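1. Quick check, what structure comes out for this input:
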Amino acid sequence: MQTSRRSFLKKSAFAVAGTAMLSNELLAAGKRKKEIFGIQLYTVRDDMKKDPSGTLKQLADMGYKYVEHANYVNRKFYGYSAAEFKKVLDGLGLIMRSGHTVMNAAHWDDAKNDFTDIWKNTVEDAAICGQKFVISPWLDKKWYATTDTTKHYMDVFNKSGELCNKSGMKFGYHNHNFEFNTKLDGVLLYDLILQYTDPKLVAQQIDIGNMYGAGGRAYDIIKAHPGRFELMHVKDEIAATKKGEMDDAFESTILGTGVVGTKAIVDLARKSGGTTDFIIEQESYQNLTPLEASKQDYVIMKQWGF
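-> Now for the predicted structure:
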């Protein structure tokens, strides 16, 4: 799965067609912004458990340049310290611009109105790895128990953005499905998240597949909130062939073969979503191995102009 923390955007942007603010790093006239696509390593989670460096090499050999982690435990990424993991990535020509670590009660101390050392270490290690985004892919239920608690913890998210900014990064949030079937005082939870997070401090990574079974439609959301989604989890969905971890009626599949309308969503995000980081994630594979699916998804993204 940027605004103020796009490392590749120069501070001196200029106006094109009277309104569009573009970077000096534009590759050619008419190019809107630098875009990258990569893969969320949860796609190959079992392979990463068995052989992280070997799996990363296979992804690099496919052509991937960017990865997003989904494993950070006791200050280690897939068993490596931050410095060690950065060395592995560098050796394979891979860049990890973003990563997923769930922010929870262990990371924020309400009494002190401050983050615990656990979260401060998380941010520090992300910076060592060269990340630009520190993304929380979940929201504890007690953090959205009421409208007031949601507002409070979205302020914590904003504070996390301030903390990340000190290390040249940006905090981010990644949705699942509950944000689209939960209402507080008649307002959809996802709308509250967008309303009470500061776009300058908190990037939104829109997962276009997770929301589908709960009624969320990414195309409509991006259209309603242009420029708000700096990162995207690029997915497609089919009717579930087996019970999934979110008890959803849908499961992910090869890009462009399901019901989500992935290419149209990606095209809109490239045009007006403010999206720079397009991250492939596939969690179900039907008759393929995860690495086979990763290769097919890579080819499709290239066909789509990345």
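2. Low-confidence bits of this structure, can you list those?
-> 1-32, 244-247 (pLDDT under 70).
3. what are the ranges of the helices in it?
-> Ranges of helices within the chain are 45-50, 52-62, 82-91, 117-128, 147-165, 189-196, 218-224, 262-268, 290-303, based on DSSP state H.
4. Those into a markdown table, with extra columns for mean neighbour count?
-> Every residue, glycine included, has its C-beta placed from N, CA and C. As requested, the helices of the chain are exported to a markdown table (neighbours: other Cβ atoms under 10 Å):
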| stretch | mean neighbour count |
| --- | --- |
| helix 45-50 | 15 |
| helix 52-62 | 17 |
| helix 82-91 | 16 |
| helix 117-128 | 18 |
| helix 147-165 | 18 |
| helix 189-196 | 18 |
| helix 218-224 | 18 |
| helix 262-268 | 20 |
| helix 290-303 | 18 |
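5. and these as CSV, adding distance to A203?
-> Shown next, in CSV, are these (distance: least, Cβ to Cβ, whole Å):
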stretch, distance to A203
helix 45-50, 23
helix 52-62, 24
helix 82-91, 21
helix 117-128, 13
helix 147-165, 8
helix 189-196, 12
helix 218-224, 14
helix 262-268, 18
helix 290-303, 21
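6. Which of these sits closest to G274?
-> Of all these, helix 218-224 sits nearest to G274, with 8.9 Å by Cβ to Cβ.
7. helices or strands next to that closest one in the packing?
-> In terms of contacts (3 or more Cβ pairs under 8 Å, 6 or more residues apart in numbering; DSSP states H and E), helix 218-224 is packed against strand 202-207, helix 262-268.
8. got a list of contacts for it?
-> 190, 206, 208, 211-212, 228-229, 260-261, 264-265, 268-269, 272-273 (Cβ atoms under 8 Å, 6 or more residues apart in numbering).
9. Work out the gap between that helix and the centre of the chain.
-> Distance, stretch centre to chain centre, for helix 218-224: 17 Å (Cα atoms, centre = their mean, to the nearest Å).
10. got it, and stretch 294-302?
-> For stretch 294-302, the separation from the chain centroid amounts to 18 Å (computed by Cα atoms, centre = their mean).
11. What's the end-to-end length of stretch 252-267?
-> 19 Å (Cα to Cα, to the nearest Å).
12. which one among the contacts of helix 218-224 gets closest to D236?
-> Comparing those against D236 with Cβ to Cβ places V260 closest, at 5.0 Å.
13. Give me the phi and psi for the closest one.
-> phi -70, psi -30 (degrees, to the nearest 10).
14. for it, what are its contacts?
-> By Cβ under 8 Å, 6+ apart, the residues touching V260 are I208, G209, Y212, A218, K235, D236, E237.
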